[in-house]
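Q: Pasting the sequence and the predicted model now:
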Number of protein chains: 2
Amino acid sequence: MPPTIPDIVISRLPVYLRALERLSQEGEEVTSSHELGKRLGISSAQIRKDLSHFGGFGKQGTGYKIAFLKDQLRQVLKVERDWQVALVGAGDLGSAVARYRGFAERGFHIAYVFDSAPEKIGKKIGSFAILPTDDIRKTIHENGIKIAMIAVPAENAQHVADELIEAGVRAILNYAPINLNVPENVRVQYIDPVIHLQRMTYYLI
Amino acid sequence: MPPTIPDIVISRLPVYLRALERLSQEGEEVTSSHELGKRLGISSAQIRKDLSHFGGFGKQGTGYKIAFLKDQLRQVLKVERDWQVALVGAGDLGSAVARYRGFAERGFHIAYVFDSAPEKIGKKIGSFAILPTDDIRKTIHENGIKIAMIAVPAENAQHVADELIEAGVRAILNYAPINLNVPENVRVQYIDPVIHLQRMTYYLI
DNA sequence: TATTAGATGTGTCATCTTTCACAAACCACA
DNA sequence: TGTGGTTTGTGAAAGATGACACATCTAATA
């Protein structure tokens, strides 16, 4: 039975991973908690402690081999594999999400795109034909999709989420500006750029 | 000298505000910490404690008047006013950001769009002519812009950030998948959808 | 081989954050 | 006017998180 890792630790690992990938690209092969911390604005002790939850990845006196640490973090996060993702909503926002190349480049493949507007059904976004939202349950369930992104108006987001969860989705990235109520075995992450801006204005002037 | 409010409290206020706006739209005029908490998946005690940092907004036995609480939160967050925002990067991502209507609807007006590609200069995105990045300093400084969004490739993000900060920007919403090093009087928020997805895969299966 | 200059992993402590629980206030209604 | 059912605001307790500091190990070099 592995000990429970705090959520907040897990939430930092992808940031570490991204920094390590960057270091790789820059040609580095070894790094240290100090170097990483400096890049990320995090204390070196915190990085060491976070990593130590999963075993000793580094070597005293030397630091961390970047390639090895990357691999380990990928496995911890389960992103050493590819994931199929469903996208609901093919409006302005949904279309932009569907076209964003960064997902596939980093292992998240948009496999299905759904929309409720009859005139959009069958049209294509990139290489994907838009499917009717009525197909969500069947498609998601039959294909074992576990991850979905919601890019529909706030009014419809909860209903869409309910359907996705019913069909087996366990992780939702929600672009709609509304909080979702989900069972505790389902994870939700939110992206609302305005909220991010509003978190900063407090500190201005 | 107002007491220092923890960052984590400030970061939740926009979420409260968004929920209140939703309640308004639904025709509600009064709410309680319990109702809000249930919607947001937060304990009622936490909501009360967060709000209490700024004075007593509610009434015992009754709850909170939504209109009043919204106003108060807007003032605390300094979003009772409109803000002018600069956007750097007019590629796929930057264009999508520029076209997103949610910003202006909620008080953040994209006032300038910059890009470094000579062939894009002068072209328009929506109603904005794309300006050359060489103009960043002058334009930002002369117009007193304090908020910027970065939607350029990771390689250029730090450089762009440095220029923005030099010109007077104090809050940056960074869409580039890289951490920025900034002075401590500058705030940064990050949006990297892949990072959000990677924060959830750990918990799958 | 001995020494020095790092760097990790971790027990301990300090701080930050959340929850608890209750007095005080409020409304509605008899 | 008095009573009962709510709800806030808040000290105090509990819990979670982060920083510290050091023993231990490594590599490099003399």
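A: Thanks, I have it.
Q: in stretch A:13-29, what's buried?
A: A:13-23 (16 or more other C-beta atoms under 10 Å in any protein chain shown). (C-beta placed from N, C-alpha, C; glycine too.)
Q: is any part of it close to chain B?
A: Yes. Using C-beta under 8 Å from any C-beta of the partner chain, we find that stretch A:13-29 touches chain B at A:13-15, A:17-19, A:22.
Q: Now narrow those residues to whatever sits close to DNA strand C.
A: Checked against DNA strand C using C-beta under 7 Å from any atom of the strand, the residues of stretch A:13-29 next to chain B yield no neighbours at all.
Q: In CSV, list those along with pLDDT and secondary structure.
A: As requested, the residues of stretch A:13-29 next to chain B are exported to CSV (pLDDT from 0 to 100; DSSP: H, G, I helix; E, B strand; the rest coil):
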residue, pLDDT, secondary structure
A:13, 98, helix
A:14, 98, helix
A:15, 98, helix
A:17, 98, helix
A:18, 98, helix
A:19, 98, helix
A:22, 97, helix
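Q: Next, name the residue at the spatial heart of chain A.
A: Central residue of chain A (C-alpha atoms, centre = their mean): residue A:173, 7.0 Å from the mean position.
Q: now what about the helix or strand containing that residue, what contacts it?
A: Residue A:173 belongs to strand A:171-174 when assigned by DSSP states H and E. If you take C-beta atoms under 8 Å, 6 or more residues apart in numbering or on different chains as the criterion, strand A:171-174 is touched by A:146-150, A:157, A:161, A:164-165, A:180, A:182, A:186-191, B:193, B:196-197, B:200-201, B:203-204.
Q: closest to residue B:99 among the buried residues of stretch A:13-29?
A: Using C-beta to C-beta, residue A:18 is the member of the buried residues of stretch A:13-29 that lies nearest residue B:99, at 26.6 Å.
Q: Find the nearest non-adjacent residue to the closest one, please.
A: Residue nearest to residue A:18 in three dimensions, not counting chain neighbours: residue B:177, with 6.1 Å by C-beta to C-beta, 6 or more residues apart in numbering or on different chains.
Q: quick one: contacts for that neighbour?
A: A:18, A:102, B:154, B:192, B:194-195.
Q: repeat that for 7 Å
A: Neighbouring residues of residue B:177 by C-beta atoms under 7 Å, 6 or more residues apart in numbering or on different chains: A:18, A:102, B:154, B:192.
Q: Same check on residue A:92?
A: If you count contacts by C-beta under 7 Å, 6+ apart, then residue A:92 has residue B:99 around it.
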